[in-house]
Every structure is written in structure tokens, then in C-alpha cells.
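> Sequence first, predicted model second:
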Amino acid sequence: MKKMKTALVLSGGGSRGSYEVGVWQALCEAGIDIDMACGTSVGAINAAMVVLGDAARAGELWKTLETDMIFDRDTDAKPYFDRLDTIVRSIDELSDKYSRVGGAFETLSGVIGEKGRELNDAFARKAGMTVDDALIYSKEIIKEHGAGSSGMLNVLKKYIPAGKFFKSKVDYGMITCEYPAFREEYFYKEDIPHDMLHEHIAASASCFPAARYAMIGDRKYVDGGYGDNLPVKMALFRGVERIVAVNLKAVGTVDKKLLEEVARRHPHYILVEPKWDLGNFLIFEPDVAARNLRLGYLDGMKALGLLDGDRFAFKKGAFRSDEVMNADDAAYLFRLDPEKIYTRTALKSGLKAKVAEARKMLTERGIEPAAPSDRVKPADTLKKLQLLKAECPSEALAVYIAGSLKEFGADSIYAGRNIEKLMKDEVRTAKYIVEKGLFGE
């Protein structure tokens, strides 16, 4: 079979970047060779590691990275940090003065009127985030004592030797944005001077305004995410036959129309996106990185058709196609470990244990299965459910409904479609519990 020229395209996303390495490890396990790697911001860093071809070493790097290794407060940058610290104090004052809405700050544009809304929209179109998000972004990284670039450069020089990088046959591409114009500039491997490799990569990953701009020669650059956070067009320009794109869904500009067009027209386009929250993209922690790497590996294997499932990973063929969605929903509702690969036996064992815990909690609270439908008024049922939802987690509610379905069958008040519309996830999982015999009796 003819080998397809394959590109791995990696988005920006800060500390979530270990997820991309996990996807790369899945490709390696599947025997897929990478002919080109390109990326933005942290994706540019990971893409350079792909060029070197050592996925295991890349994984080890991510498992040792901490915030202070990437961001630092250089003493030479004190005036810069004094100005950003003033911004932080202003954010705190604003948050005290204006009420919170849904747990988030009221928008800055709402405070400064129609002109402010226009400016906010213009900034969001260019930066991929609102003014509010940018300010909060700056505040978070300052609170974590970061924003200098010397730490990042040291890591790049240690793990990405320029000589080996340029000798590799794997093609490379990255994007950064010239400052203050925010004009995107794309660099292929041949465009990068051998003695300026690390400076170019650092420029792509310079998360301005939280970090200072980066310098390449006498020109200033900021994070490539301002221009193109998932540079699929770089791979298209090189004429690759298969594209595997990993989108970390972080702040940044993404050409959605282009991606939709590629997905529709390109016969070998695979998009991998995380199904779980990968955490704060400003904070680098080894434990979180290890978790995200594992999730990336599992999502990569699913995208390649080597595992089944959506949020959870199931051994290929262990479940019928019509069972997979219900198994995935049950695993999610009962908070099973998303880092595992489940066989039919392993899933049943895990769910049985969770069902037993929920039943014990219901018994301790004196909550018995609901009476059959001919003995209870619908209004009373709804009231009971509302009380249970307030008192019990979703998994306990599903077990409560399952108890009623098991005892009363078609006569259960929860057998009707109206209740299922109100509590779709709980009722569907309850039916799965009964169908699979998870009560353990």
C-alpha cells in the first residue's frame, strides 16, 4: 500500500500541550510516520520535538515542566512588571466595584459604552479573546510569577538541538506575529537561520500581553495565536496527502471556514480535540501534564479508529456500535476514570462498584424506590425529583430511578417519555443499569 505524506498540525494552548504529544504517541503506535510538523505557540514547540522524532523524550519533558521553568521575572524587566502589576490592581478594583454575572466579571465593554463594545469586538477578532479575557489572562500569569522568556529559551535549547533539528528529513512550519502590527508571519524550516531556531520558536510561544514580546534580530514578535492558532494552511501549501490536526481549543484565532472546507473536501483529514477540561493553560504541573498526555493518546487512538468511545475509551469491538454511546454516558455519569481503556468486564465491574456506593447513600438517607405510576400524582413525582436533585449527585439519582424501573417495570413513573425528557441522562443511565444487571443481585 502506498505511504501517504502526512502532516501533524498542532495548535497553541499553553500548558495543555502535553495532550498533543499524547496524540503523536498514538500515531507512532499506529505506525504512521510524520513527514511534516507545524504548529503555533506551544504547538510550535511540540512540532519541533516531532521533527526530532523522539516521542518518549517529548513525553518526559512534559512530565517535568513546571511554571517557573517556562515563565520568569527577569530583574531587567522590572519596569514592565510594575506596569502589569498596576493592571492587575485595576482588575481587582473593577471586580470589587462591579457585580459578578454567572461567576465571570462584567464585560469591560459594558462599563465603557458603545465605543467600548466596538473596540472590544475589534480586539476579539484580532486576538481571539475579549479585552476582559486578555486582562484576566495577564493577571493569572502574574499571580503565578511568570512572564519572562529566559526560562523557555533554556528549555528549548536543552531539548531541541538545532543541529539534529536541521538534519532531520521531517519538514517544519510555525507562525508568529510581528508586533505591534500583529501581522502574522509564517516560517518553514528553510526560512529559519540555524543559529536562530530557538528564538523563532520562542517568538511563536510569546503569549503577549501576559509575557513580553520576543525578539528576532531587531524585530519584535508575539504569540502566533493572534494570527493563526491552528496553521493547517501550512500543511496544505506543502501538498500533504493526510492531515492530523490537534486543536486544544484555547484562546487564539482559528480560521473556522477554512477548517470546515478542509473537513468537507480533504479525503484524509483527521481533527482531534479534547473531550475533557485540560486545566488552566497558564499553569504547568507535571501531574496535570501526565493526565493530559494520556487523554491525548486515547483520543488519538479513537480518532484513528483503534479504540471506540467518545469521552471514554473502550477496547475496539468490545461493545456493539449501538451500545457504545450508552456505555459512554453511564461511565460519565458515574465519574469513572477517563484515563483507562475499558473492556466489557472492566466497565461492568467499575459501574457495579459505583452503583453499590450510590445505593448505600440512598439507604442511609432513607430514600426508597418510587411507587408505581398509578399510585402517585405527576406533580408529586416532579417535586420529589427536584428535592432529590438538590440532595443527591446525578449518579445517585440514576440509581434511584433504576430501582423504580427494576421493581415496577413498565408501571414505574419513570418509564414514561415525559420524565425522560426532563432528566434525559439520568433516565437513560438508569435503564442501562437495569438492562446490564448492575445492581449486583
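Yep, that arrived. All values reported here derive from a predicted model rather than from experimental measurement. Numbering: from 1, shown residues only.

> Pull the contacting residues for E285.
Counting by Cβ atoms under 8 Å, 6 or more residues apart in numbering, E285 makes contact with 15, 66-67, 279. (C-beta placed from N, C-alpha, C; glycine too.)

> Could you identify the most distant pair in those?
E66 and G279 (13.6 Å; Cβ to Cβ).

> Between these two, tell me which one has more neighbours.
Remark: of E66 and G279, G279 carries more neighbours, 17 against 14, as counted by other Cβ atoms under 10 Å.

> confidence score at the more buried one?
Listed pLDDT for G279 reads 87.

> There's contact between it and A289 in this structure, I believe.
No: G279 lies out of contact with A289 (Cβ atoms under 8 Å); the separation is 9.2 Å.

> where do the contact lists of these two overlap?
Here G279 and A289 share the contacting residues S15, scored by Cβ under 8 Å, 6+ apart.

> ok, the contacts of E285 vs A181, which is closest?
Ranked by distance to A181 (Cβ to Cβ), these are led by S15 at 28.1 Å.

> Please give the number of neighbouring residues around the nearest residue to that closest one once chain neighbours are set aside.
With sequence-adjacent residues excluded and distances taken as Cβ to Cβ, 6 or more residues apart in numbering, S15 is closest to F284, at 4.5 Å. Number of residues near F284 (other Cβ under 10 Å) recorded here: 25.

> S321 too?
8.

> Same question for R311.
R311: 17 neighbours (other Cβ under 10 Å).

> Below-threshold pLDDT in this protein: ranges please.
1-2, 68-149, 208-211, 369-386, 418-421, 440-441 (pLDDT under 70).

> and whichever strand or helix holds G403, how far out from the chain's middle?
Following DSSP states H and E, one finds G403 within helix 394-408. The chain centre lies 33 Å from the centre of helix 394-408; the measure is Cα atoms, centre = their mean, to the nearest Å.

> which residue ranges form the helices in the stretch 101-250 of the chain?
For the stretch 101-250 of the chain, applying DSSP state H, counting those that start in this stretch gives helices covering 108-127, 131-143, 150-159, 162-167, 197-204, 232-237.

> before we move on, the earlier item: the residue nearest to S15 against E66, yeah?
Yes: between F284 and E66 there is a contact at 5.3 Å, judged by Cβ under 8 Å.

> quick one on the thing from earlier: who are the packing partners of the helix holding G403?
Counting contacts by 3 or more Cβ pairs under 8 Å, 6 or more residues apart in numbering; DSSP states H and E, helix 394-408 packs against helix 321-333, helix 344-364, helix 378-391, helix 424-435.
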